[in-house]
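A.B. asks: No sequence on hand, only this structure:
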């Protein structure tokens, strides 16, 4: 009887593990990548010094292309821009997701004075369905900023099982005592998580696990990508502490996050990069003037993306 009970228990555990395993839902790369996105062409909501262009314009200007199998998304780096801002690209996935495992494989990210690149997910009727900033930074920032933005009623515990450093704990975009739209942020402590260090390390993968119990973000540089990610069978239980942990529950309901589209963009100056220009170590007194008049300064302002994969 004991043997039968053990066998039944083992079978149940095995079935549970199988049921909990992630299955590949979507995979975008190479020539099929951009067809899964819409190009944003309205004014920048963050007041950046930028002109977002449509798909045909981006292609004709060489701001989007496939090169050696990777998708290149870049800003104009050849002309002095008009007073409307430097031409660049912002794309939003046509599909929306609630929960899942998101694996973003990048070779190169935009970097340099005036730049404000971001890779994030966001729901409709912002901020009521939440925002998850996976990769974000400005100017000469050294490591990645990971942040949640929500409506009122979401806070994070001061102590969390993560490798990163907590910056703020109230995710509400209008939280008292925090900058407008600051959200609850975590700084990645890995030197290769942003900018030149990331690019010089050959890139890597950003992984976001979004489940009922929380949102967790890992960064793995190219030489440290787990084998189970490479094999297409990701297992988060083998990866150790995430760089950022945002537990969901009584202090932050999981239904604050729903129906997220994936967004990739590169803006300039604006509410963040522009507001800290004076302390950034960048030349000149004006972010807008620098971005407008120094096209070659943006030779490094491009994304090189191998793939985006979504598991559920």
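C.D. replies: Sure, I can see it. Remember, it's a predicted structure, so these values are computed and weren't measured experimentally.
A.B. asks: In the protein, what helix or strand scores lowest on average pLDDT?
C.D. replies: Every helix and strand of the chain was ranked by mean pLDDT, DSSP states H and E. The lowest is helix 2-20, at a mean of 39.
A.B. asks: any weak-confidence spans in the protein?
C.D. replies: 1-20 (pLDDT under 70).
A.B. asks: which stretches of it form helices?
C.D. replies: Counting by DSSP state H, the chain has helices at residues 2-20, 55-60, 195-200, 227-230, 287-293.
A.B. asks: Now residue 65: closest residue in space that isn't a chain neighbour?
C.D. replies: Nearest residue to residue 65 in three dimensions, chain neighbours excluded: residue 72, at 5.0 Å (C-beta to C-beta, 6 or more residues apart in numbering). Bear in mind the C-beta positions are built from the backbone N, C-alpha and C, glycine included.
A.B. asks: Confirm for me that that neighbour is in contact with residue 303.
C.D. replies: Yes. Under the contact definition of C-beta atoms under 8 Å, residue 72 touches residue 303, with a separation of 6.9 Å.
A.B. asks: which of these two has more neighbours?
C.D. replies: Between residue 72 and residue 303, counting by other C-beta atoms under 10 Å, residue 303 is the more crowded of the two (24 against 18).
A.B. asks: and the closest residue to the more buried one other than its chain neighbours, how many neighbours does it have?
C.D. replies: By the measure of C-beta to C-beta, 6+ apart, the closest residue to residue 303 outside its immediate chain neighbours is residue 73, 4.3 Å from it. By the criterion of other C-beta under 10 Å, residue 73 has 24 neighbours.
A.B. asks: Tell me who's in contact with residue 73.
C.D. replies: Residues near residue 73 by C-beta atoms under 8 Å, 6 or more residues apart in numbering: 63-64, 89, 91, 264, 266, 302-303, 305.
A.B. asks: Strands - which of those residues land there?
C.D. replies: In strands, judged by DSSP state E, the following of those are found: 64, 91, 264, 266, 302-303, 305.
A.B. asks: Just flag the most distant two among those.
C.D. replies: Farthest-apart pair in the ones in strands among the contacts of residue 73 is 91 and 302; separation 13.6 Å (C-beta to C-beta).
A.B. asks: Can you pick out the residue with more neighbours from those two?
C.D. replies: Shown here are residue 91 and residue 302; by other C-beta under 10 Å, residue 91 has more neighbours (24 against 21).
A.B. asks: what's across from that one in the sheet?
C.D. replies: Legend: beta-bridge partners of residue 91 under DSSP bridges are residue 39, residue 264.
A.B. asks: ok, of the ones in strands among the contacts of residue 73, which one's closest to residue 173?
C.D. replies: residue 264 (21.3 Å).
A.B. asks: what about that closest one, neighbour count?
C.D. replies: Neighbour tally, residue 264, other C-beta under 10 Å: 22.
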